[in-house]
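Student: Here is a sequence together with a model predicted from it:
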Amino acid sequence: MGATTALLAASTAMGVGGSLIQGQQQAQAAEYNAAVARQQAEAARVAGELEAERIRIAGEKLTGQQKAMYAKSGVTFAGSPMEVMIDSATQNEMDALMTEYNYAIQASQAESEAALAEWRAKTAVTSSYMRAGTTLLQGASSSGLFDTTSPNTINTVDV
């Protein structure tokens, strides 16, 4: 094997190895990004639950304050005062539900990002195989291993 052939073989091997390593590194980075996105989704779900609970507690306090004010002033809980308390409680629950919904959207977006990152991890590995195969074929072609003048002919390389 001549020096030129040896150098060409080494260069091809390094190109193939580099392509495979690069694909693995890209896949690992994408998998890490997917894990971070999943953690963000879970954090959004938990934050939504906590914030909604905080809103509900604040609403209960408001209802308690309304009851105390009505009782102190001698107003009965029938009619308008009852309607005001029901309206306040209804609005409070709607705020809590909207908060849960908004955080659920954030969680869903993070889950979508995780899925996309997982897809990128898979395609990074596949792409690296394709690049490695292309590098290998280019190296074989450059070495004269293939006879390009006639179809289906492979030259033997002297060792």
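Tutor: Looks like it came in fine.
Student: mind checking how far Glu111 is from Leu137?
Tutor: Remark: distance between Glu111 and Leu137 (Cβ to Cβ, to the nearest Å) = 40 Å. C-beta: built from backbone N, CA, C; applies to glycine.
Student: For these two, work out which one has more neighbours and name it.
Tutor: Glu111 (18 against 13; other Cβ atoms under 10 Å).
Student: give the contact list for the closest residue to the more buried one other than its chain neighbours.
Tutor: Excluding the flanking residues, the one nearest Glu111 by Cβ to Cβ, 6 or more residues apart in numbering is Ala41, at 4.8 Å. Residues near Ala41 by Cβ atoms under 8 Å, 6 or more residues apart in numbering: Gln106, Ala107, Ser108, Ala110, Glu111, Ala114.
Student: Quick check: phi and psi on Ala78?
Tutor: Backbone torsions of Ala78, given as degrees, to the nearest 10, read phi -90, psi 160.
Student: How confident was the prediction at it?
Tutor: Note on Ala78: pLDDT of 79.
Student: neighbours around it, how many?
Tutor: By other Cβ under 10 Å, 8 other residues sit near Ala78.
Student: thought Arg56 was touching Leu97?
Tutor: No - Arg56 is beyond contact range of Leu97, at 9.9 Å (criterion: Cβ atoms under 8 Å).
Student: between those two, who's got more neighbours?
Tutor: Arg56 (17 against 13).
Student: Provide a list of residues in contact with that one.
Tutor: For Arg56, counting by Cβ under 8 Å, 6+ apart, the contacting residues are Asn92, Glu93, Ala96.
Student: I'd say the first one and Ile55 touch.
Tutor: When you say that, I think you mean Asn92. Yes - if you go by Cβ under 8 Å, Asn92 and Ile55 touch, sitting 6.5 Å apart.
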